[in-house]
Every structure is written in C-alpha cells, then in structure tokens.
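Enquirer: based on what follows, work out the 3D shape:
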Amino acid sequence: MIRALWALWLGSLLSSAGLAQRTGTDTTYRQAFRPQYHFSPRANWINDPNGLVYFDGEYHLFYQYNPYGSRWGHMTWGHAISRDLVHWKELPPAIPEEGSTMIFSGSCVVDKNNTSGFGQNGVIPMVAVYTAHQTNRQSQHIAYSLDRGRTWTKYIANPVIDLNKKDFRDPKVFWHEPTQRWVMVVLLPAEKKALFYQSPNLKQWTKSGEFTAADSPATIWECPDLVEVPVDGTLERKWLLMLSMGGGAPAGGSGMQYYLGRFDGKSFVSELKPGDVRYVDWGKDYYAAITFNNLPVRGNRGAISIGWMNNWQYANDLPTAPFRGAMTLPRELRLVKLQNSGTPARYELRQRPIQELKPLLGAPFRWTGTDVAQLNEQLHTAGSSLPTDTYLLTLELEPKQISPGVRVQLRKNSQDETEATAIGYDPVRQQLFLDRSRSGQTGFSKDFPGRFTAPLKPQNGRVTLQVWVDRSSVEIFANDGQVTMTNQIFPGPSATGITFFGDGLRSVIIQPIEGIWR
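Expert: Residues are numbered from 1 along each chain as shown. Okay, the predicted model is just below:
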C-alpha cells in the first residue's frame, strides 16, 4: 500500500500542471528540441530502456529515470505504455529508489505458468528482474506486479543473485522453451564477461556458462540482450547477443556491438571469426538497446528493440528542458544469409523501422531524375508546403566511383548558410557519412560535433537511404537496414531547409511525420 501511495503521489507531482506551476517550465511536448515521434518523458532525466514486455494488449516501456531532476541520479524505473508501439502514455514511476539503493537496468517477463508463485487467484504475474545498486555493491533483485505493471511488490528474500561485487549488473531474462527454464544473461562490466544463469522459478538461480571476447574494442560491457531471430527467406533462426560498449564505439564514446551464434540454454558460443567486430549502429547516439519479451506471434516477424538515443560523453549536458534524453524508434531485427560461391555463408543483422510507424506518414513530395539543380528549384518552389522539422526522407542513389557522390544538407538555416546537418555517400571510400559539426547548438560538449562514417557498399549498383528526421535527431537506415546511423542534432528554429549537392541522385521522397503527442 505504501508503494502504491508513493507512486500515485509522485505521478501527481510530475503532472504537467503541477510541474509547470512549481518550476515555471513548459511541460507540454512543444519545446524546440522535443522529439515529436520518439518517446521522451514529460520532464526530467531518462536513460536505458528497461523491462520491455508485451502483456494483455499493452507494450510496456520501463526506463532509467530521475524523478527529481534532469541529470543522472536517483535511478528509478519510469514507465510508459502503448497499444501500437508508436503512441505512448506516461504512467507514474514503477519501481522507486529506496534509501541508498537505486534501481538500475533490467528486464521484465510474464510468468504465464506462475513458476514464481507470485500469482494469486488466477492472476498472471509480471516479474521485473533488475540490478539493485549500492555504493560498493550491485546484486540482482526481483519484484512482481498483479495489476498489469501499475504497482510493484519487491520480493522479500532479495537479492536472488549476489556475488558481493561492486560491478555486476543489467540482467536480461527470458523463458527458454527447449530447457523449460528461465535464462538470465548478466554482466561483469569491467571484465567484459557475460554470465549465464538458469532458474525454474525466477527465485533460485544456477550459473550455467560464461562468454567473453578478446577482440571487443569496448572499454566495458553493459546492458546485454540475447534473443533468437529469424533469417530472411528461410526457416533458420540464430541467436543474437547485443552488448553496449561503455567506450570504444566507432563514432567515439558509447555504442553497441553484436555477436551471432548458438545458445543451448546454458551458454552462448559465437560463430563470428576472431577480429570480426560487428556494430549495431554506427552513429554517435545509440546505446542500451534491448528487445521486447512476450511479443504476440505474427508470422515470422523479427525481434523488436528500442535503444537510448544518447552518448555518455555528453548525456548530462544536452541543451533540452525540462526533459533530458529520448528513446530511438522501435526497430525490427532480422538476419540475412549472404552466400558466395566457394566461401562459407555470412550472416548479418538487418534493422528496419517497425511497420506500425507507417500511419504517421503524410502525403509525399516525389522527384525522379538526374539534375540536382532542377530538384533544388522544385524544393524552393514547393516552399511552405514541405515539412520543416519532422519528416521521412527516402533517397535512391546510383553512385559512380569517379563522381564526388551525393550530399544533402537538411535542417539548413536560411539566414545562416553555414548551419546544417550534412548526410551523404562517398562512392570512392564506399562510406555513408553524417556531419553535425555545424548542426546548430554543438558547444555544450567538445565531443558532440563531428563527422561520422559507416562502411556501405552499393547493392546492385544502388544505395538507398531512409532518413527519419525529428526535431532533435536523425536516424538513417541504409540499404534496407544493412547499416544504421543514429545522431542527435539541435538546430535553430530557422533551420528548416533542404538542399542537395553532387552527382548520382536518382529519386527523392519527402513525407511529413505526424506527432504522437496529443
């Protein structure tokens, strides 16, 4: 009862009217840098997504949250729900910090068979598994909910795993059908070691295996996810292990890498060759992505993930208020099998924006041709009929190695020609790039401005780009999700223009994106 009253009180405290009255800040979703179709909290700090799970018609997004301010601290599980993975309703915080114990990252499962015994009177329990953080100790705890995640009761016999270590965190738990056991993958971050545990009931856990990789460029590992994903065009499935890199990512600072391999319910074995380092995203702002548990069965659909759109190098200093931090678009994860004659098959990750985003797209502006000057003239003529700060830009390129390639300046300031975010393709180096050196506000951190690249080869002589532009971010999906690149930007209010340069552009589609906030 105390926890329920606390949650109700805090929810009221953070309501838009109450917060605006106390702080004088705008708690609507209309701020200059407020994402319009990405999830962000109405106010305060947010980081890692936690406990992604589907239950009883609702997608649950829990997340690391500070109820008291817009910088990291007082870690609590925030909570939002959605019926379509697109439109979100923020609820009162779910699992609060308690005394000197913060509630760090973890996962959530639906205990359909009541293996935990937490269910009562036929009610199926949701069980959260999370890291309880104290100054010199991290251990794994559980809590359960019998009202669809609205209130939570912490297990009286916590912790369920305690190694008496300072750094031991971020459990991902799921049901493994072949062994009829719950599986946990949890990390020793500084050792870059994943530990695997099994349990029949979510309460008693037995260690079953370990995984580490000497070729990882990460400084530490955090926020693991292990999930079985389908291979396009086949009945085959493989296990995907995603790991967040506290440092050492290709764009600098934090990021994510992945391994593919086998999992027998006890331990993971990578099938990648030593030195074959794979990155989940090549941008500066993609971290801590995990996948949903208990998704409804819909054909051979892949796993669905959400990540935190930020970088630990400057996360506390973003020029936003009264919130700080946002989530990425939900992505569907699948694999492709690439087979060349005489060589072993190569499996690669593909990430695509979920289909549920399509209803947000408006009437398109379309262009096909080869004359970029003609395109720019048409864009100028279209003027005010074009979307300004939330749109999907779809490009098809036919790059030639003797050409300078294609470049587009978006969120371009009509008054200051130097302010713009540049995206393009270099056919000589076969690289996708994004340059946010002059993208607007960049001076809050020396690590924010820069030009970031990703290797990208044409497919059948073409390169396709899907560029999802929001008020303060750009997410690129290249060649049907072969490469992704996620970056924040903070442009000025007059930065609404689009201009194309170079040679090799063949088609352009620009579609406005409707906001998700009412």
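
Enquirer: name the SS class of the nearest residue to Gln430 once chain neighbours are set aside, please.
Expert: The shortest distance from Gln430 to any non-neighbouring residue, by C-beta to C-beta, 6 or more residues apart in numbering, is to Lys457 (5.4 Å). All C-beta atoms are positioned from the backbone trio N, CA, C, and that covers glycine. Here Lys457 is coil, with the state taken from DSSP: H, G, I helix; E, B strand; the rest coil.

Enquirer: Lys457 and Arg429 touch, don't they?
Expert: No. Counting by C-beta atoms under 8 Å, Lys457 stays clear of Arg429, with 10.8 Å between them.

Enquirer: domains of this protein?
Expert: 2-22+38-338, 361-512 (automatic domain parsing).

Enquirer: any idea how far the first one is from the chain center?
Expert: Just to be clear, that refers to domain 2-22+38-338. 11 Å (C-alpha atoms, centre = their mean, to the nearest Å).

Enquirer: equivalent analysis for the last one, please.
Expert: On the basis of C-alpha atoms, centre = their mean, domain 361-512 is displaced by 21 Å from the centre of the chain it belongs to.

Enquirer: pull the number of nearby residues for Arg298.
Expert: Arg298 has 7 neighbours, counted by other C-beta atoms under 10 Å.

Enquirer: wasn't Gln378 part of a strand?
Expert: No. Assessed by three-state DSSP, Gln378 does not belong to a strand; its assignment is helix.

Enquirer: could you find the closest non-adjacent residue to it?
Expert: In space, and not counting its chain neighbours, Gln378 is closest to Trp367: 6.2 Å by C-beta to C-beta, 6+ apart.

Enquirer: which SSE is Leu465 in?
Expert: Using DSSP states H and E, Leu465 sits in strand 463-470.

Enquirer: that older thread, so what does the residue nearest to Gln430 look like in phi/psi?
Expert: The phi/psi pair for Lys457 (degrees, to the nearest 10) reads phi -100, psi 140.

Enquirer: and it, how many neighbours?
Expert: Neighbour tally, Lys457, other C-beta under 10 Å: 11.

Enquirer: who's in contact with the residue nearest to Gln378?
Expert: By C-beta atoms under 8 Å, 6 or more residues apart in numbering, Trp367 lies in contact with 375, 378, 507-509.

Enquirer: tell me the buried residues within those residues.
Expert: Those of those that meet the buried threshold are 375, 507-509, by 16 or more other C-beta atoms under 10 Å.

Enquirer: narrow the residues you listed to those in strands?
Expert: Secondary structure defined by DSSP state E assigns 507-509 of the buried ones among the contacts of Trp367 to strands.

Enquirer: export the residues you listed as CSV, with columns for pLDDT and distance to Ala32.
Expert: Formatted as CSV, these follow (pLDDT from 0 to 100; distance: C-beta to C-beta, whole Å):
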residue, pLDDT, distance to Ala32
Ser507, 97, 32
Val508, 98, 27
Ile509, 98, 26
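
Enquirer: mind putting the residues you listed in JSON lines, distance to Trp468 included?
Expert: Converted to JSON lines, those look like this (distance: C-beta to C-beta, whole Å):
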{"residue": "Ser507", "distance to Trp468": "18"}
{"residue": "Val508", "distance to Trp468": "15"}
{"residue": "Ile509", "distance to Trp468": "13"}
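
Enquirer: now the domains of the chain in JSON lines, with distance to Ala345?
Expert: As requested, the domains of the chain are exported to JSON lines (distance: least, C-beta to C-beta, whole Å):
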{"stretch": "domain 2-22+38-338", "distance to Ala345": "5"}
{"stretch": "domain 361-512", "distance to Ala345": "16"}
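
Enquirer: convert the strand holding Leu465 to PDB, retaining C-alpha atoms only.
Expert: Output of strand 463-470 as PDB, limited to C-alpha atoms (Å, rounded to 0.1, in the frame of the first residue of the first chain):
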ATOM      1  CA  VAL A 463      22.300   2.800 -52.400                       C
ATOM      2  CA  THR A 464      19.000   3.500 -50.700                       C
ATOM      3  CA  LEU A 465      18.700   5.700 -47.600                       C
ATOM      4  CA  GLN A 466      15.700   6.200 -45.200                       C
ATOM      5  CA  VAL A 467      16.400   9.300 -43.100                       C
ATOM      6  CA  TRP A 468      14.000   9.800 -40.200                       C
ATOM      7  CA  VAL A 469      14.200  13.400 -39.100                       C
ATOM      8  CA  ASP A 470      12.800  14.600 -35.800                       C
END
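
Enquirer: can you count the residues close to the residue nearest to Pro159 when sequence neighbours are not counted?
Expert: Excluding its sequence neighbours, the residue lying closest to Pro159 (C-beta to C-beta, 6+ apart) is Ser139, at 3.7 Å. By the criterion of other C-beta under 10 Å, Ser139 has 19 neighbours.

Enquirer: what's near enough to touch the spatially most central residue of the chain?
Expert: The centre of the chain sits closest to Gly307, judged by C-alpha atoms, centre = their mean, with a distance of 1.4 Å. Counting by C-beta under 8 Å, 6+ apart, Gly307 makes contact with 49, 256, 281, 286-290, 327-328, 486.

Enquirer: where exactly do the strands run in the stretch 351-500 of the chain?
Expert: For the stretch 351-500 of the chain, strands defined by DSSP state E, counting those that start in this stretch occupy the ranges 365-368, 391-397, 406-413, 421-426, 431-435, 451-455, 463-470, 473-478, 483-488, 495-502.

Enquirer: quick check: angle from the second one to strand 495-502?
Expert: In this case it means strand 391-397. If you take axes from the mean of the first three to the mean of the last three C-alpha atoms, to 10 degrees, strand 391-397 sits at 0 degrees to strand 495-502.

Enquirer: show me the contact partners of strand 391-397.
Expert: 361, 406, 408, 410, 425, 458, 462-469, 498, 504-513.

Enquirer: neighbours of Glu271, how many?
Expert: 13.

Enquirer: wait, what's in contact with it?
Expert: 238, 260-262, 347.

Enquirer: just the buried residues of these.
Expert: The neighbour count (16+ other C-beta under 10 Å) marks 238, 260-261, 347 as buried among the contacts of Glu271.

Enquirer: can you list which of those are found in strands?
Expert: Using DSSP E, the buried ones among the contacts of Glu271 in strands are 238, 260-261, 347.

Enquirer: dump those into TSV; add distance to Ile402 as well.
Expert: Shown next, in TSV, are those (distance: C-beta to C-beta, whole Å):
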residue	distance to Ile402
Lys238	39
Leu260	36
Gly261	41
Tyr347	34
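
Enquirer: how about TSV for those, with pLDDT added?
Expert: Formatted as TSV, those follow (pLDDT from 0 to 100):
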residue	pLDDT
Lys238	97
Leu260	98
Gly261	98
Tyr347	97
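
Enquirer: what's the farthest-apart pair in those residues?
Expert: Gly261 and Tyr347 (9.6 Å; C-beta to C-beta).

Enquirer: overlap in contacts, the two.
Expert: The contact lists of Gly261 and Tyr347 share 238, 271, where a contact means C-beta under 8 Å, 6+ apart.
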